[in-house]
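**Student:** got a predicted model here, sequence first, then my questions.
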Amino acid sequence: MAGYIGILCSDPWLHNQFTQVELRTLKSQYHTFRRESGPLTLSDLPSKMSKLKVVGENLTEEERDSFLRSNYQNMNDEVDFELFLRVYLKLHAHASSKMGSPAKNSSAFLKAATTTLLHTISESEKSSYVSHINNYLGEDKFLKQFLPIDPSTNDLFEIVKDGVLLCKLINVAVPGTIDERAINMKRLLNPWERNENHTLCLNSAKAIGCTVVNIGTQDFIEGRRHLVVGLIAQIIKIQLLADLNLKKTPQLVELVDSSEDAEELLSLPPEKILLRWMNFQLKKSEYKKVVSNFSSDIKDGEAYAHLLNVLAPEHSNPRTLTVKDPLKKANLVLEHADKMGCKRYLTAKDIVEGSPNLNLAFVAHVFQHRNGLSTQTKNISFLETSPDDVQVSREERVFRFWLNSLGNTTCIDNVFEDLRDGWVLLETLDKVSPKIVNWKIANKPPIKMPFKKVENCNQAIKLGKQLKFSLVNIAGNDIVQGNKKLILAYLWQLMRCHMLQLLRNLRFHSHGKEITDADILEWANNLVKNSRGQSRMNSFKDKSLSDGIFFLELLSAVQPRVVNWSLVTKGLSDEEKTMNASYIISIARKLGCSIFLLPEDITEVNQKMILTLTASIMYWCLNQPLEDKSSSSSDSENGSQSETMSNSTMDDAASESSLE
């Protein structure tokens with residue numbers, strides 16, 4: 001039998017019907033059924049499958065039993081895992097046909113019992129993203145042997161299978177995210193090296209703000225098209241919206257009339273700022289409607305016609321405003337954009353059909369190319385940031401990306417604004433300590449009454465004290481009011497508690513013993529010492545850590561092949577320290593550590609971030625099977641030839657969805 005990422009499934013077609021997470025979840029449920037009743041037969045499934053989504057919710061037990069009896073001759077046949085999967089697929093398809101449309105909650109799985117994808121991709125989107133990749137990576141020394149990609153083919157999904165393209169695309173979106181010394185770049189990679197590249201990609205994608213819940217390395221190695229396109233879309237979106245903030249583009253202050261409005265603008269997500277900019281420019285024209293989205297509001301092309309006339313009147317065509325046919329108007333709009341030198345990102349058909357991703361990309365590119373704002377920045381005091389403000393901004397970023405990585409129902413764009421109703425805090429507390437939240441007294445968004453928000457935040461404070469957080473002089477109303485200092489203090493303790501809880505729950509550790517900061521410190525020092533390392537960490541604020549040598553020795557101790565010492569500097573100058581710090585972060589993510597810190601957090605020895613880095617490495621190390629640890633020291637520099645399980649990250653427990 002062939003092994004697929006730790007899941008026994010010898011039939012490649014059958015394995016390809018599910019995502020990696022779905023297979024893990026179904027296998028867990030299968031073993032639960034086996035533990036409950038011993039050997040599992042077909043006759044047991046109608047009752048037991050009531051616990052599964054779609055099948056349990058849309059078919060009665062009698063319907064499931066009748067369907068199985070009509071499809072299988074002997075109901076006493078024993079059910080192995082592959083037969084279990086086949087039965088689920090057939091019942092899922094039966095439930096869908098019974099409902100006359102995709103069954104309720106059918107998004108839980110990708111395919112029914114045919115090879116037809118339930119998740120399709122937009123060919124226009126794929127072509128647009130391929131063109132973007134060709135434009136920004138076409139001259140890359142390594143990738144030029146594979147580029148340009150033909151947008152009309154599926155070559156993209158073959159090229160991403162080694163992980164290099166995705167890693168480099170992340171660096172285009174947010175330069176410096178991945179140290180390219182950590183990327184395995186060869187013409188032919190073995191399975192181990194491909195897995196490392198995709199692990200590095202996924203952990204780095206999380207670190208720049210992408211949502212990668214329920215996506216595993218195998219999904220990219222197998223070229224699952226909707227997942228590949230989905231991640232690429234997020235990366236490109238982050239790149240295109242990078243300048244939509246007051247720090248990068250201070251001219252955006254022209255959109256506001258006062259400091260209060262400016263504070264509000266600072267808290268908006270980039271998409272909202274882009275809409276605000278678009279409406280600001282449209283007010284200069286005869287267009288009187290307000291554009292509130294990048295789909296239905298721009299389908300007729302009118303808003304685009306007026307926007308481009310405002311930004312580039314020298315290229316305007318009078319016919320654009322008078323023509324009635326939406327498709328013809330859209331073509332004239334794109335002709336105008338071409339004359340401005342703007343890349344299209346979309347076709348006239350995409351405008352008329354209201355493709356939200358492509359329209360957003362188009363408007364963002366227009367903004368980058370010509371925003372029409374004054375070059376004279378208003379002298380507003382809030383634009384001057386102090387060192388304290390920089391540190392607050394850095395910590396807000398870390399906690400925002402960490403919260404979003406947990407798979408909460410709400411995406412956080414600004415922790416000081418988006419945590420005010422307390423709901424995400426309660427969701428996170430429930431993930432950190434299951435069943436701790438009293439949902440009966442929680443108020444679900446949208447919440448209009450302020451006192452309801454205070455109730456949620458009061459419960460969050462109460463539960464924080466229950467988890468032994470230090471919350472002196474902090475009340476729920478402080479969170480509702482957006483008190484930055486107190487919110488950051490609470491989030492740090494919540495994040496630390498999550499890490500310690502994960503470490504405590506590991507089966508490798510001693511009987512669920514409580515973990516302390518001192519235990520993490522002792523573990524790291526002992527591991528480096530036992531592997532004959534020369535450095536030591538006296539505390540998490542030890543200034544000697546700034547050269548990065550200790551963490552390189554620690555990473556080498558947990559996985560000897562991962563550090564290429566020929567690439568390590570002595571860490572004597574600031575530049576050398578930064579190079580080492582960048583390398584540390586990338587190889588830690590390459591192993592499977594889920595971390596959100598920046599190189600300066602290491603070079604400046606940020607105590608909190610140093611603790612999270614050490615704990616993440618400890619979690620990864622202790623979570624490895626014993627046989628992997630014993631064999632790791634014998635791996636060659638080119639890596640093991642065996643297929644390995646997708647590396648766990650600190651938020652795996654939170655990201656896997658339950659079928660129950």
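**Tutor:** Received the coordinates, thanks.
**Student:** rest of the way, CA atoms for contacts and neighbours
**Tutor:** Will do.
**Student:** can you confirm residue 211 is in a strand?
**Tutor:** No - in this structure, residue 211 is coil, not part of a strand, as judged by DSSP: H, G, I helix; E, B strand; the rest coil.
**Student:** find the nearest non-adjacent residue to it, please.
**Tutor:** residue 405 (6.4 Å; C-alpha to C-alpha, 6 or more residues apart in numbering).
**Student:** touching, the one you found and residue 212? I think so.
**Tutor:** Yes - contact criterion C-alpha atoms under 8 Å: residue 405 and residue 212 qualify, at 7.2 Å.
**Student:** who's more crowded, these two?
**Tutor:** More neighbours surround residue 405 than the other of residue 405 and residue 212, with 24 against 20 (other C-alpha atoms under 10 Å).
**Student:** what about that one, distance to residue 236?
**Tutor:** 19 Å (C-alpha to C-alpha, to the nearest Å).
**Student:** low-confidence ranges in the stretch 151-300 of the chain?
**Tutor:** Scanning the stretch 151-300 of the chain for pLDDT under 70 picks out 258-262.
**Student:** residue nearest the centroid of the chain?
**Tutor:** residue 211 (2.5 Å; C-alpha atoms, centre = their mean).
**Student:** so which residues of the stretch 451-600 of the chain form helices?
**Tutor:** 476-480, 484-505, 517-530, 549-558, 574-591, 599-603 (DSSP state H, counting those that start in this stretch).
**Student:** need those helices in CSV (columns: mean pLDDT and distance to residue 369).
**Tutor:** Output for the helices of the stretch 451-600 of the chain, formatted as CSV (pLDDT from 0 to 100; distance: least, C-alpha to C-alpha, whole Å):
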stretch, mean pLDDT, distance to residue 369
helix 476-480, 93, 39
helix 484-505, 91, 35
helix 517-530, 93, 49
helix 549-558, 95, 42
helix 574-591, 95, 31
helix 599-603, 94, 31
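**Student:** to residue 540, which of the ones you listed lies closest?
**Tutor:** Smallest distance to residue 540 across the helices of the stretch 451-600 of the chain (C-alpha to C-alpha): 7.7 Å, for helix 517-530.
**Student:** contact partners for the nearest residue to residue 326 once chain neighbours are set aside?
**Tutor:** Distance criterion C-alpha to C-alpha, 6+ apart; nearest residue to residue 326, sequence neighbours excluded, is residue 300 at 5.1 Å. The contact partners of residue 300, taken as C-alpha atoms under 8 Å, 6 or more residues apart in numbering, are 326, 329-330, 351-352.
**Student:** residue 300 in helix, strand or coil?
**Tutor:** The three-state assignment at residue 300 reads coil, by three-state DSSP.
**Student:** thinking again about what came up before, out of the contacts of residue 300, which sit inside strands?
**Tutor:** Per DSSP state E, strands hold no members of the contacts of residue 300.
**Student:** pick the one among the residues you listed closest to residue 577.
**Tutor:** Distance to residue 577 across the contacts of residue 300 (C-alpha to C-alpha) is lowest for residue 351, with 48.5 Å.
**Student:** now the closest one, nearest residue through space, not along the chain?
**Tutor:** residue 299 (5.4 Å).
**Student:** how close does the one you found sit to residue 359?
**Tutor:** 10 Å.
**Student:** kindly report the same for residue 350.
**Tutor:** Separation of residue 350 from residue 359 (C-alpha to C-alpha) stands at 8 Å.
**Student:** same check, this time on residue 172
**Tutor:** The value you get for residue 172 to residue 359, if C-alpha to C-alpha is used, is 21 Å.
**Student:** name the member of the contacts of residue 300 with the most neighbours.
**Tutor:** For those, the largest neighbour count, defined by other C-alpha under 10 Å, is 28 neighbours, found at residue 351.
**Student:** burial check on residue 155, number of neighbours?
**Tutor:** 14.
**Student:** need the three-state assignment for the closest residue to it other than its chain neighbours.
**Tutor:** Ranked by C-alpha to C-alpha, 6+ apart and with sequence neighbours excluded, the top spatial neighbour of residue 155 is residue 149, at 6.5 Å. Secondary structure, three-state DSSP: residue 149 is coil.
**Student:** thinking again about what came up before, joint contacts of residue 405 and residue 212?
**Tutor:** residue 206.
**Student:** excluding covalently adjacent residues, which one is nearest to residue 556?
**Tutor:** Residue 556 sits nearest to residue 563 (C-alpha to C-alpha, 6+ apart), 5.7 Å away.
**Student:** relative to residue 541, how far out is that neighbour?
**Tutor:** Residue 563 is 24 Å from residue 541, by C-alpha to C-alpha.
**Student:** ok, residue 420 - contacts?
**Tutor:** Here residue 420 is in contact with 453, 457, 479-482 (C-alpha under 8 Å, 6+ apart).
**Student:** need the residues you listed in CSV (columns: distance to residue 23).
**Tutor:** Listed next are those as CSV, based on distance: C-alpha to C-alpha, whole Å:
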residue, distance to residue 23
453, 38
457, 37
479, 39
480, 40
481, 43
482, 41
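**Student:** avg pLDDT for the helix or strand encompassing residue 398?
**Tutor:** Following DSSP states H and E, one finds residue 398 within helix 387-405. Averaging pLDDT along helix 387-405 yields 82.
**Student:** helix or strand right after it?
**Tutor:** helix 415-418.
**Student:** helices or strands up against that following helix?
**Tutor:** helix 387-405 (3 or more C-alpha pairs under 8 Å, 6 or more residues apart in numbering; DSSP states H and E).
**Student:** what about 10 Å?
**Tutor:** With contacts defined as 3 or more C-alpha pairs under 10 Å, 6 or more residues apart in numbering; DSSP states H and E, the packing partners of helix 415-418 are helix 259-267, helix 387-405, helix 423-432, helix 476-480, helix 484-505.
**Student:** identify the residues contacting that helix?
**Tutor:** Contacts with helix 415-418, where a contact means C-alpha atoms under 10 Å, 6 or more residues apart in numbering, come from 264, 267-268, 396-397, 399-401, 403, 410-412, 424-425, 479-488, 491.
**Student:** how about stretch 272-290?
**Tutor:** Contacts of stretch 272-290 (C-alpha under 10 Å, 6+ apart): 241, 244-246, 252, 254-256, 265-268, 270-271, 291-294, 297, 302-311, 360, 363-364, 367, 371-373.
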